[in-house]
Every structure is written in structure tokens, then in C-alpha cells.
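> Got a predicted structure here, sequence first:
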Amino acid sequence: MYKKKSLFVTFEGIEGSGKSYQSKILYKKLKNNKISSTLTREPGGTKGAEIIRKIILKDYFQHNPKEQFSKETDTLLYLAARNEHIRNKLKPALKKKQTVICDRFIDSTTAYQVDGKGVNKNLVDAVHMHILKDVIPDLTFILTVNINKAIKRLKKRKKKNRYDKFSNKFYKKVQQAFIKIGKKNKKRYIILDNSSDSKEVENTIFNIVFKKLSK
């Protein structure tokens, strides 16, 4: 029998890694086991954060490619959405001792914006110092994937945003950044190869989370 306690679980990985799918599967399994859970995502998760998400993911200057948000502006939009999400969704859910499952969180900012695009880490750390407080994941699943497999999955998507259109080289760089992050703290991070479309990964994820809740 699981104990009534909060657990903050995040899923990280590049586009096409299957993190959104796996987060939804975990949520359904927890609900089926009558475990109070919340499924959310970043950027987004609240009304205000979802508005910011639309700005972030849209090809907002597609008619004038020379006029783009700077990488710092782009990053600050992500962090603004995160602030709304933490205040209005994550903290209240964790306070109610729910299991929170989040599709992307702070590690995506490090992998994409800092390592991928070269944004100054000090900028991100300074904002996080003010908005995160004690909202830190208890468990993070980093899903890796064969890049060609990821591209095939992306091609099947009916709706694509600008993050679905990066080069293979960029996706490889970001995936390596995620792996580097995961290897630094093996107690919190679990790296899983999600290239195959089998149920083995989803069963592994559920068993790990259920074990954490049962301690």
C-alpha cells in the first residue's frame, strides 16, 4: 500500500523521445491504482502559462526571419511561464500531497537554452533562485532515442511547432546535454532508451514510481 505523500516526477528528452506519451501513460496507471495525481506540462500548465506557451512555440516571425526574439528573450519567456506554473499549479498540488507528473521542467531549460543555444547559465540560475524555492523534482526520467527514430515520430505529427523543426545536429547536442545532466545525480535521474515502441519502458517507469510511493 502506498503512503500519502507528495512526489514530483518529471520527464525530459528531445522532441520525439516519447516523454509526453510516457507521462500520460504513467498518469493513467496511477489513477487506475487510485493514487491522487496531477498531469501537467511546461511551458504551460496554467491559463497564463499556456498563453506564454503559444508565443514561445509559434513561428512568431516566420514572415520576417531577420526579426527574431533574442535567445535571452526566448529563455525569459520560458522562465515567466514556469513562475506562473509553480505558483498556481505545482505548489498547490504538492501541498495537497499529490503525485505531480510534469512533461518537461528545469532540465529542458539547461539542455536547450544553456547547452543548446548558449544562454548564460547565470541568468537562468538567478531567476530559478527566486522562483523555484523548494519545488525540485524528486525523480526525473530522461528518455533517450535514436535520432532517426525521433525524426520519424516527428514526421507523423499533424501539428508541428518550431521545436519540431530543428536539425539532427541540434537534437544530438541537446540529447547529449540531457545525458550529461542525468549522469551527475543518479539518485534523482533515470536514463532510459525509449527508441523501441514496446511496453517495457512504461512498465519500468511505473514500477520505479510505485516503489517510491510505497517507501
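On my side now, so go ahead.

> ok, the residue nearest to K97 when sequence neighbours are not counted - contacts?
Nearest non-adjacent residue to K97, counting by CB to CB, 6 or more residues apart in numbering: S6, 4.6 Å away. Placement of C-beta: from N, CA and C, glycine included. Going by CB atoms under 8 Å, 6 or more residues apart in numbering, S6 touches A93, L94, K95, K96, K97, Q98, T99, V100.

> from those, which is closest to K34?
Proximity of the contacts of S6 to K34 (CB to CB) peaks at T99, which lies at 11.5 Å.

> what number of residues lie near the closest one?
Around T99 there are 26 other residues, counting by other CB atoms under 10 Å.

> One more: F166?
Residues lying near F166 (other CB under 10 Å) number 16.

> ditto for the one 3 residues further on
By other CB under 10 Å, the residues close to K169 number 9.

> Confirm it sits in a helix?
Yes: judged by DSSP: H, G, I helix; E, B strand; the rest coil, K169 forms part of a helix.

> confidence score at it?
At K169, the model reports a pLDDT of 92.

> That one and K89, how far apart?
34 Å (CB to CB, to the nearest Å).

> same thing with Y112?
21 Å.

> ok, now I179?
Relative to K89, and taking CB to CB, I179 is found at 28 Å.

> Between these two, which is the more surrounded one?
Using other CB under 10 Å, the more surrounded residue of I179 and K89 is K89, with 21 against 14.

> so E202 sits right up against K24, yeah?
No: E202 is not in contact with K24 according to CB atoms under 8 Å; the separation is 9.8 Å.

> More neighbours: these two, which one.
E202 (19 against 15).

> In this structure, which residue is most central in space?
Taking CA atoms, centre = their mean, the centroid of the chain lies closest to R104, which sits 0.9 Å from it.

> From D74, how far out is it?
15 Å.

> Same question for L39.
With distances taken as CB to CB, L39 is found 26 Å from D74.

> I51 now?
Distance of I51 to D74, given as CB to CB: 16 Å.

> in the helix or strand bottoming out on mean pLDDT in the chain, what counts as buried?
Ranking every helix and strand in the chain by mean pLDDT, DSSP states H and E puts helix 147-155 at the bottom, with a mean of 89. Within helix 147-155, the residues that count as buried by 16 or more other CB atoms under 10 Å are I147, K149, A150, R153, L154.

> for it, packing partners?
helix 168-184 (3 or more CB pairs under 8 Å, 6 or more residues apart in numbering; DSSP states H and E).

> Pull the residues that contact the helix it packs on.
By CB under 8 Å, 6+ apart, the surrounding residues in contact with helix 168-184 are 12-17, 107, 110-112, 114-116, 140, 142, 144-145, 147, 150-151, 189-191.

> hmm, 6 Å instead?
Helix 168-184 is contacted from outside by E12, I14, D107, A111, Y112, D115, G116, I142, I147, Y189, I191, using CB atoms under 6 Å, 6 or more residues apart in numbering.
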